[in-house]
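K.L.:
got a predicted structure plus its sequence, pasted below:
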Amino acid sequence: MKTIYSTLILFLSLSFLNAQNASAQKYKVKGETITKDDVVLGTVTGKGGLLNANFIIYGLNGEKVVSVYRDEYRMENPLFNDLYWYNVRFEDTGKELFLPMAVEFSIKSVLNKTFMTAGIVIDGGAIRNQDEVIAKSDIRDSIINDTTYFGKTLRESRRLIKETPLMDRNMKAQVTFNYIGSEKRNDTTFTQWNIYQDGALIGTYLQRSKYLFSKDNYTYIIYRKVPGNNGIDVPIAFGEPDALNASLIKFYAIANDKETVINMTPGVNSQIVYALIVSRYF
């Protein structure tokens, strides 16, 4: 649902490019042949890339050595980004691990960044240091723990939406926005407005903006005010621009998995708020 690129940039920050990598001799891939220092180390079939990495590395005798495919967890919870990683299998032992996925557009890039950082060495035969690599670099537990947490918080949000009474007010009154402020954290700018109707604070409109690939990339979260919830509001809708038309924002209503498409430009817009009020989210 959310743009893949913001997540991939996030994973890139996980210390992929270190000083050792900068000075090391790089693998080369020409056709299906893998070389290093002009020495043939094996062959590879399949594809790399951001969206469909799926390849197998073979040894000098044609035996399978390592298989790699891109895996993912599509996030329903708007507070978090989708997760992407490489599922790596050592074919001689069947041992597997998950590795972080960075912005890598080719198999050669995976070998020179992800594999090199993890300590996976291609040398024409079976990977020798499998247990060491798994102990050092496997993020399987993190993926499992994170996705469990994300699912739990989403279930809690849906429970609050269904069980918390809506604020008493005239729901036909005009909706207004009060600009709260803008704050930049790391590479993302967060801009927030409070939402009022009939004199009551009913929620918050949050715009997240990240400059990526020569343009601003926007996502939006709408929160509902939940009185007595320790000051924590509940997210009720998530929106992002359509991939082909940046002025077409697709909003996803958390409670029932339905999508409402609203035409709007980046910034505040009451149309989606009224739609949520009619749907009894506000």
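P.N.:
Right, received. Where do you want to start?
K.L.:
which element, helix or strand, includes Asp131?
P.N.:
If you go by DSSP states H and E, Asp131 is part of helix 130-137.
K.L.:
who are the packing partners of the host helix or strand of Phe98?
P.N.:
Following DSSP H and E, one finds Phe98 within strand 95-100. The contact analysis (3 or more C-beta pairs under 8 Å, 6 or more residues apart in numbering; DSSP states H and E) places strand 95-100 against strand 83-90, helix 130-137, helix 140-163. (Glycine included, C-beta is placed from N, CA and C.)
K.L.:
got the buried residues for that strand?
P.N.:
Buried residues in strand 95-100, counting neighbours by 16 or more other C-beta atoms under 10 Å, are found at 97-100.
K.L.:
can you give me the helices for this structure?
P.N.:
Ranges of helices in the chain, per DSSP state H, are 4-12, 19-23, 107-110, 116-118, 130-137, 140-163, 270-278.
K.L.:
center of this protein - which residue?
P.N.:
Geometric centre of the chain, nearest residue: Asp82, 3.0 Å, by C-alpha atoms, centre = their mean.
K.L.:
now that one, nearest residue through space, not along the chain?
P.N.:
Spatially, and ignoring its direct neighbours in sequence, Asp82 is nearest to Met75 (4.7 Å; C-beta to C-beta, 6 or more residues apart in numbering).
K.L.:
tell me how many other residues crowd that neighbour.
P.N.:
By the measure other C-beta atoms under 10 Å, the count of residues near Met75 is 20.
K.L.:
the residue nearest to Arg70 when sequence neighbours are not counted and Asp198: what is the separation?
P.N.:
Nearest residue to Arg70, sequence neighbours excluded (C-beta to C-beta, 6+ apart): Ala53, at 4.1 Å. Note on Ala53: its distance to Asp198, by C-beta to C-beta, to the nearest Å, is 52 Å.
K.L.:
next: Thr189.
P.N.:
From Thr189 over to Asp198 (counting by C-beta to C-beta), the distance is 31 Å.
K.L.:
same deal with Asn52?
P.N.:
Taking C-beta to C-beta, one finds Asn52 at 51 Å from Asp198.
K.L.:
Ala118 too?
P.N.:
Per C-beta to C-beta, Ala118 is found 57 Å from Asp198.
K.L.:
and Val110, by the same measure?
P.N.:
From Val110 to Asp198 the distance is 56 Å (C-beta to C-beta).
K.L.:
these two: which is more packed in?
P.N.:
Applying other C-beta under 10 Å to Val110 and Asp198 shows that Val110 carries more neighbours, namely 27 against 15.
K.L.:
so the more buried one sits against Pro100, correct?
P.N.:
No: judged on C-beta atoms under 8 Å, Val110 makes no contact with Pro100 at a distance of 11.4 Å.
K.L.:
find the residues that touch each one of those two.
P.N.:
Tyr86 (C-beta atoms under 8 Å, 6 or more residues apart in numbering).
K.L.:
tell me which residues touch Glu72, please.
P.N.:
Taking C-beta under 8 Å, 6+ apart as the test, what Glu72 contacts is 82-85.
K.L.:
what is it paired to in the beta sheet?
P.N.:
Beta-bridge partners for Glu72, by DSSP bridges, are Tyr84.
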